[in-house]
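Peer 1: starting from these lines, generate the structure:
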Amino acid sequence: MIMTFLLFLAVGAVAGLLAGLFGIGGGMVIVPVLVLTFAAQGISEAVLTHMAVATSLATIVFTSISSVREHHKNGAVDWSLVAMMSVGIIVGTALGVSLITSVPGPVLQKIIGVFALLVAIKMFFGLDPKRDGSRPGNAGLVTAGGVVGFGSSWFGIGGGTFTVPYLTWMQIPMRQAVATSAACGLPIALTGAISNVFAGWDQAGLPQWTTGFLYWPAIVGIVLTSVPCAKVGARLAHKLDQKLLKKAFALLLVVVGLRFLLS
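Peer 2: Numbering: from 1, shown residues only. Just a heads-up that it's a prediction; the model follows:
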């Protein structure tokens, strides 16, 4: 158990660094590692992938709070956008969790594998939307939030992979887009974590120290290191070659994606 907890600390450190370096959530790292760790612990295949996604969302609650505070101090968060998108985010995330519960664990791993490969392609080739969209009305923002929340709930991420490109397409400056995306990650994570408590409440095969699908030893270990390491990553982001780092991370995601698809 001690070695497993040390692994959770290490996962949190890596996830935090990546979040600080690239402005994306650490869920793309947390979920695959938790899947492998839970499998090594002998946790039932029927629940381990759902546990990994739910646990990742729970950790993002804490990292989002830290990130949003920093962005808010710098006046970079567009709270009017966050307010409207959050309406859709809450509905979309809750709906996503309710649907994902009925998906078998091995199938969910394949879906996550495909998503990892798509994100890898986007990062490696820098495929970002052109800034030619205007800000939609409230209905459009709520709809976009619903799509972001739904997708994030399936992959255990804070939504930055979806939200940042959407906001930049709306011609929001990148600094403000990243900050606003971080703020949108909080309702995603909160709704996802709470929904997964209820979704996993009566599930068979769950280990000790779980509340629904949330696994507390992993949550505590990851949060302890991800929050401080995110600050380190943010500082390193200004000193290292971002393009080279993104290509390296994209290659890592290719390995992750293929691992899930071929397992």
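Peer 1: where do the helices sit along the stretch 101-250 of the chain?
Peer 2: 105-125, 138-155, 160-169, 174-199, 216-236, 242-262 (DSSP state H, counting those that start in this stretch).
Peer 1: which of those sits closest to residue 97?
Peer 2: helix 174-199 (3.8 Å; C-beta to C-beta). All C-beta spots, glycine's among them, are computed from the backbone N, C-alpha and C.
Peer 1: list the buried residues in stretch 185-197.
Peer 2: Across stretch 185-197, burial judged by 16 or more other C-beta atoms under 10 Å covers 185-197.
Peer 1: off-centre distance for stretch 80-99?
Peer 2: Centre-to-centre, stretch 80-99 and its host chain are 14 Å apart (C-alpha atoms, centre = their mean, to the nearest Å).
Peer 1: begin at 300, not 1, for the rest of this chat.
Peer 2: All right, first residue 300 from here; so that's stretch 379-398.
Peer 1: for it, list the C-alpha coordinates in CSV.
Peer 2: Output in CSV follows, covering the C-alpha atoms of stretch 379-398 (Å, rounded to 0.1, in the frame of the first residue of the first chain):
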residue,chain,number,x,y,z
SER,A,379,-19.6,36.2,-17.8
LEU,A,380,-18.5,33.4,-20.2
VAL,A,381,-17.9,31.0,-17.3
ALA,A,382,-21.4,31.7,-15.9
MET,A,383,-23.2,30.9,-19.1
MET,A,384,-21.1,27.9,-20.1
SER,A,385,-21.4,26.4,-16.6
VAL,A,386,-25.2,26.0,-17.0
GLY,A,387,-24.5,23.6,-19.9
ILE,A,388,-21.5,22.1,-18.2
ILE,A,389,-23.4,21.0,-15.2
VAL,A,390,-26.1,19.3,-17.3
GLY,A,391,-23.7,17.8,-19.8
THR,A,392,-21.4,16.4,-17.2
ALA,A,393,-24.2,14.9,-15.1
LEU,A,394,-25.7,13.3,-18.3
GLY,A,395,-22.3,12.0,-19.4
VAL,A,396,-21.7,10.3,-16.0
SER,A,397,-25.1,8.7,-16.1
LEU,A,398,-24.4,7.3,-19.6
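Peer 1: thinking residue 490 is in contact with residue 448, fair?
Peer 2: Yes. Contact status for residue 490 versus residue 448: in contact at 6.9 Å, counting by C-beta atoms under 8 Å.
Peer 1: any stretches of the stretch 350-499 of the chain with poor pLDDT?
Peer 2: For the stretch 350-499 of the chain, applying pLDDT under 70 flags the ranges 432.
Peer 1: if we can go back for a sec, a markdown table for the helices of the stretch 400-549 of the chain, including distance to residue 314?
Peer 2: What follows is those, written out as a markdown table (distance: least, C-beta to C-beta, whole Å):
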| stretch | distance to residue 314 |
| --- | --- |
| helix 404-424 | 14 |
| helix 437-454 | 14 |
| helix 459-468 | 13 |
| helix 473-498 | 13 |
| helix 515-535 | 5 |
| helix 541-561 | 12 |
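Peer 1: among those helices, which is nearest residue 343?
Peer 2: Residue 343 sits nearest to helix 404-424 of all the helices of the stretch 400-549 of the chain, at 8.3 Å, using C-beta to C-beta.
Peer 1: helices and strands around that closest one, which ones?
Peer 2: helix 326-339, helix 344-372, helix 437-454, helix 541-561 (3 or more C-beta pairs under 8 Å, 6 or more residues apart in numbering; DSSP states H and E).
Peer 1: now render these as a markdown table, adding mean neighbour count and distance to residue 391.
Peer 2: Output for these, formatted as a markdown table (neighbours: other C-beta atoms under 10 Å; distance: least, C-beta to C-beta, whole Å):
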| stretch | mean neighbour count | distance to residue 391 |
| --- | --- | --- |
| helix 326-339 | 23 | 16 |
| helix 344-372 | 23 | 13 |
| helix 437-454 | 22 | 3 |
| helix 541-561 | 16 | 23 |
